[in-house]
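Novice: Sequence isn't available, so here's the structure alone:
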């Protein structure tokens, strides 16, 4: 389950966890200089699930998040009582904190958190399948995350294909046109400042790893 600390106009669901559930506070920090990160999706699940794997094709739920910033399908895919806390995007240098808990199953102590770099075609960042076993009440773990290319959309950097403020264009499109149709580590953007005249991006939108920092505290 996912509970937002505040909404951004879409509304959100929340619940009061009971004694059977694991409850965590998650803080997501945007480490980039010019890439807002879409409202992050977060879910607790068992050890069998991974939202993505390098070298494998992205699921449709991951594609929707990586191209359009909508993580609701990704969150719903592993929850017996799907909820998605709607929050504003995380601006460069900004952060958001929220709480997340398992449904009822004590084996759901593996965490996935992900968000899109919205001034890109299909770049995203996060962690998937990280174990929180052994994390005691009051203890915290920190994860620095890489940027990934979902492999679902060509990195043309054209404004009509970028959903973020740099382009204001289309988000998710079911057509997949990337020449390498699997998840890979992202190679970064080119931008018009490096001579790509058709790019809607500038040097300010470049990014290096790490892209996000995720801090998880057991409550």
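Specialist: Thanks, I have it. Treat the numbers as computed from the prediction; the structure is a model and nothing was measured.
Novice: Start and end of stretch 110-125, how far apart?
Specialist: End-to-end distance of stretch 110-125 (C-alpha to C-alpha, to the nearest Å): 17 Å.
Novice: ok, and the closest non-adjacent residue to residue 183?
Specialist: residue 52 (4.9 Å; C-beta to C-beta, 6 or more residues apart in numbering). For the C-beta atoms, the positions are set from N, CA and C on the backbone; glycine is no exception.
Novice: Repeat that for residue 50.
Specialist: In this structure, residue 50 finds its nearest non-sequential neighbour in residue 129, 4.5 Å apart by C-beta to C-beta, 6+ apart.
Novice: Tell me the buried residues in the helix or strand harbouring residue 97?
Specialist: In this structure, residue 97 is located in strand 95-101 according to DSSP states H and E. Counting neighbours by 16 or more other C-beta atoms under 10 Å, one finds that the buried residues in strand 95-101 are 96, 98, 99, 100, 101.
Novice: that older thread, any idea how far residue 40 is from the residue nearest to residue 183?
Specialist: Per C-beta to C-beta, to the nearest Å, residue 52 is found 14 Å from residue 40.
Novice: More neighbours: which of those two?
Specialist: Shown here are residue 52 and residue 40; by other C-beta atoms under 10 Å, residue 40 has more neighbours (28 against 25).
Novice: Show me the shaky parts of this structure.
Specialist: 1-20, 79-87, 103-105 (pLDDT under 70).
Novice: Name the residues linked to residue 44 by a beta bridge.
Specialist: Beta bridges link residue 44 to residue 111 when assigned by DSSP bridges.
Novice: Quick check: it touching residue 108?
Specialist: Yes: assessed by C-beta atoms under 8 Å, residue 44 is found in contact with residue 108 at 4.6 Å.
Novice: can you list residues touching both of the two?
Specialist: Common neighbours of residue 44 and residue 108, counting by C-beta atoms under 8 Å, 6 or more residues apart in numbering, are 22, 102.
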